[in-house]
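K.L.:
Fold the stuff below for me.
(2 chains)
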There are 2 protein chains.
Amino acid sequence: MKVQVLYSGGQDSSLSAILLEPFFDVELVTCTFGIKNEDYWRNAEKAAGVIGFPFKTLKLGQEVLDAGIDLILRYGYPRYGINYVHRMALEALASGGAKYVADGTRRDDHSPMLDMSQIKSIEDAYGSMYIRPLAGYGKHAIDALVKEHFEIVEGPSIEKADYESEIRSSLNMRYGAATVEKLFPPQHAQSRVLRRYKK
Amino acid sequence: MKVQVLYSGGQDSSLSAILLEPFFDVELVTCTFGIKNEDYWRNAEKAAGVIGFPFKTLKLGQEVLDAGIDLILRYGYPRYGINYVHRMALEALASGGAKYVADGTRRDDHSPMLDMSQIKSIEDAYGSMYIRPLAGYGKHAIDALVKEHFEIVEGPSIEKADYESEIRSSLNMRYGAATVEKLFPPQHAQSRVLRRYKK
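P.N.:
The predicted structure is shown next:
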């Protein structure tokens, strides 16, 4: 059974892939808006190679980026815009025929996060099954598993390939750095996987 | 890392154990109130042997059974009484020193189910980590995984070893079969694992 996992190169989506590996054929998929001179997805490609899974990119339309940015500007914080882009990414995989789609969202996450009606809507519309391997894991259990499986680099300015990177960059180009600073929390912790300890 | 999985011998708790197996040392634990002439836990012991994990029973006190039955009678349906017993079972494992405790509750389950404050309360009080391996899986994905890993027997009258069996039996002794019929939905689907296909 093949599963496509939305992948950023960070610890959560990497751990999701590891948890699925014994039971599914895992393919990692990183979404990109394909903005010129932006290659954040290369960080995910590198991490995918390190943990040892097939990797591909999926291009999301400019209209998804625009609608996500509109939501962020309207609310004054990233949550709903990020949620929207994440839902569009899952829909893009499902509508493309993926039978199983997965991500690295945790039990305690608020964003990105689909509500139950959005999940059912994707599953019913496309016949896909959405899996959240970390949905039943809290922070301490995830920390322990990550420590056992990966060497990671952590910090506020780590480049990986989540939607936030491209959205921030696009906001920066359109509205300037001050707007980005205002909309995004300053200490948003990032991680990227450098090495997998065992396979 | 050792995890204790609350186990009934049914497909959900069996699948939970399988999903944890590559990452933890799994021990299956079946709770019993130790009522005389009742050995529902033997069904779980048999299933544990079939899927190949160490097994033990955990005795819950009579006061837990009584409080569970009180809740079922008060509300007129089993949900809150079952939830209460399940929470007490997880607490018993956590207070006994289990670092990781798990169960077979699904994304779409309503009972047994802890709310987030009850989960945090157990995790904070005992330093345990609670894992729900099926929390991120919907019905169709679980069906597909069960089909791949187990031969099961299904039906309304399958004997396994969930709390419901002993609670029903105890209610029957105290209040008679008509009360049990009134309180529990008639078509409650049950399953028990007969065989594991691969390991």
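K.L.:
helices and strands around the lengthiest helix in chain A, which ones?
P.N.:
The helix spanning the most residues in chain A, taking DSSP state H as the definition, is helix A:79-95. Judged by 3 or more CB pairs under 8 Å, 6 or more residues apart in numbering or on different chains; DSSP states H and E, the packing partners of helix A:79-95 are strand A:2-6, strand A:25-32, strand A:55-59, helix A:62-75, strand A:100-102, helix A:116-126, helix A:163-175. Quick note: C-beta positions are derived from backbone N, CA and C, even for glycine.
K.L.:
possible to save the ones you listed as a markdown table with mean pLDDT and mean neighbour count?
P.N.:
As requested, the helices and strands packed on helix A:79-95 are exported to a markdown table (pLDDT from 0 to 100; neighbours: other CB atoms under 10 Å in any protein chain shown):
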| stretch | mean pLDDT | mean neighbour count |
| --- | --- | --- |
| strand A:2-6 | 98 | 23 |
| strand A:25-32 | 97 | 23 |
| strand A:55-59 | 96 | 15 |
| helix A:62-75 | 97 | 16 |
| strand A:100-102 | 98 | 26 |
| helix A:116-126 | 96 | 14 |
| helix A:163-175 | 91 | 18 |
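K.L.:
Could you dump the ones you listed into TSV with distance to chain B added?
P.N.:
Formatted as TSV, those follow (distance: least, CB to the nearest CB, whole Å):
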stretch	distance to chain B
strand A:2-6	9
strand A:25-32	13
strand A:55-59	21
helix A:62-75	24
strand A:100-102	7
helix A:116-126	6
helix A:163-175	20
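K.L.:
Residue B:166 is nearest to which of the ones you listed?
P.N.:
The stretch from the helices and strands packed on helix A:79-95 with the least distance to residue B:166 (CB to CB) is helix A:116-126; that distance is 31.7 Å.
K.L.:
Would you mind identifying the next helix or strand past that closest one?
P.N.:
Where DSSP states H and E defines the elements, the next helix or strand beyond helix A:116-126 is strand A:129-131.
K.L.:
Quick check: neighbours of that next one in the sheet, parallel or antiparallel?
P.N.:
Sheet partners assigned to strand A:129-131 using DSSP bridges are listed as strand A:100-102 (parallel).
K.L.:
The residue nearest to residue A:56 when sequence neighbours are not counted bridge partners, please.
P.N.:
Closest residue to residue A:56 in three dimensions, ignoring its sequence neighbours and counting by CB to CB, 6 or more residues apart in numbering or on different chains: residue A:29, at 5.7 Å. According to DSSP bridges, residue A:6, residue A:56 are recorded as the beta-bridge partners of residue A:29.
K.L.:
My guess is residue A:29 contacts residue A:94. True?
P.N.:
No - with the criterion set as CB atoms under 8 Å, residue A:29 and residue A:94 do not qualify as a contacting pair; they are 11.7 Å apart.
K.L.:
follow-up on the earlier one: neighbouring contacts of the longest helix of chain A?
P.N.:
Taking contacts as CB atoms under 8 Å, 6 or more residues apart in numbering or on different chains, the residues outside helix A:79-95 that touch it are A:4, A:6, A:29, A:31, A:58, A:60, A:64-65, A:67-72, A:74-75, A:101, A:103, A:110-114, A:118, A:122-123, A:125-126, A:128, A:130, A:163-164, A:167.
K.L.:
ok, back up a step: any chance of the helices and strands packed on helix A:79-95 in TSV, plus distance to residue B:180?
P.N.:
Converted to TSV, the helices and strands packed on helix A:79-95 look like this (distance: least, CB to CB, whole Å):
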stretch	distance to residue B:180
strand A:2-6	42
strand A:25-32	46
strand A:55-59	53
helix A:62-75	51
strand A:100-102	40
helix A:116-126	32
helix A:163-175	52
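K.L.:
Tell me which of these lies nearest to residue B:176.
P.N.:
The stretch from the helices and strands packed on helix A:79-95 with the least distance to residue B:176 (CB to CB) is helix A:116-126; that distance is 38.7 Å.
K.L.:
Please state the offset of the longest helix of chain A from the chain centre?
P.N.:
Using CA atoms, centre = their mean, to the nearest Å, we find the averaged C-alpha position of helix A:79-95 to lie 10 Å away from the chain's own average C-alpha position.
K.L.:
what's the answer for stretch A:108-115, then?
P.N.:
A distance of 11 Å separates the centroid of the chain from that of stretch A:108-115, by CA atoms, centre = their mean.
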